[in-house]
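**Student:** Next one to model:
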Amino acid sequence: MGIFDSIESMAEQAMGSQGGTNAQVATGLMQVIQEHPQGVGGLLSALQSSGLGAHAEQWASGQTTAATPEQVQAGLGNNGMLEAIAAKAGLSPEMTQAALTTVLPMVLAHVAPNGQAAEPGSLGSLAGSLLQKFL
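**Tutor:** Here you go, the predicted model:
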């Protein structure tokens with residue numbers, strides 16, 4: 001079973017619960033990060049170049065500074081990441097955008113602790129531990 005199969009399986013387990021949408025979005029985000037040529041670094045760069053660098057730093061350090069759906073759109077929409085995450089999650093971009101206000105801080109705390117991008121090979125285990133929070 002590959003990493004995406006594991007992520008999908010955990011997300012499916014969470015579907016009936018309150019965290020179902022967030023689990024879908026977290027799964028989609030992790031898949032997009034895995035497929036992005038720059039990985040976690042690409043996500044951090046996208047957030048920094050859109051004015052969300054301070055938010056990204058706080059999220060990576062474990063703080064849950066609030067972001068609005070509009071900020072998420074500005075941070076990920078201009079480079080196609082928001083649409084890619086929505087497609088992977090099987091949700092509309094609007095639903096994905098709203099869920100990312102909760103999911104993005106949690107994901108960055110796991111995949112970029114203290115602002116340091118995780119090694120690509122470790123994303124699988126990080127994804128599993130992250131998705132357990134939604135189950």
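**Student:** Poorly predicted segments of this structure, please.
**Tutor:** By pLDDT under 70, the weakly predicted segments of the chain are 1-19, 114-135.
**Student:** That one: helices as residue ranges?
**Tutor:** 3-14, 20-35, 39-47, 53-60, 69-76, 81-89, 93-111, 123-132 (DSSP state H).
**Student:** In CSV, list those along with mean neighbour count.
**Tutor:** Every C-beta, even on glycine, is put in place using the N, C-alpha and C of the backbone. CSV is the format used below for these (neighbours: other Cβ atoms under 10 Å):
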stretch, mean neighbour count
helix 3-14, 17
helix 20-35, 23
helix 39-47, 21
helix 53-60, 19
helix 69-76, 19
helix 81-89, 21
helix 93-111, 21
helix 123-132, 18
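**Student:** which residues touch Thr102?
**Tutor:** Asn22 (Cβ atoms under 8 Å, 6 or more residues apart in numbering).
**Student:** Same question for the one 10 residues further on.
**Tutor:** Applying Cβ under 8 Å, 6+ apart to Ala112 gives the contacts Val40, Leu43, Leu44, Ala56, Trp59, Ala60, Ala118.
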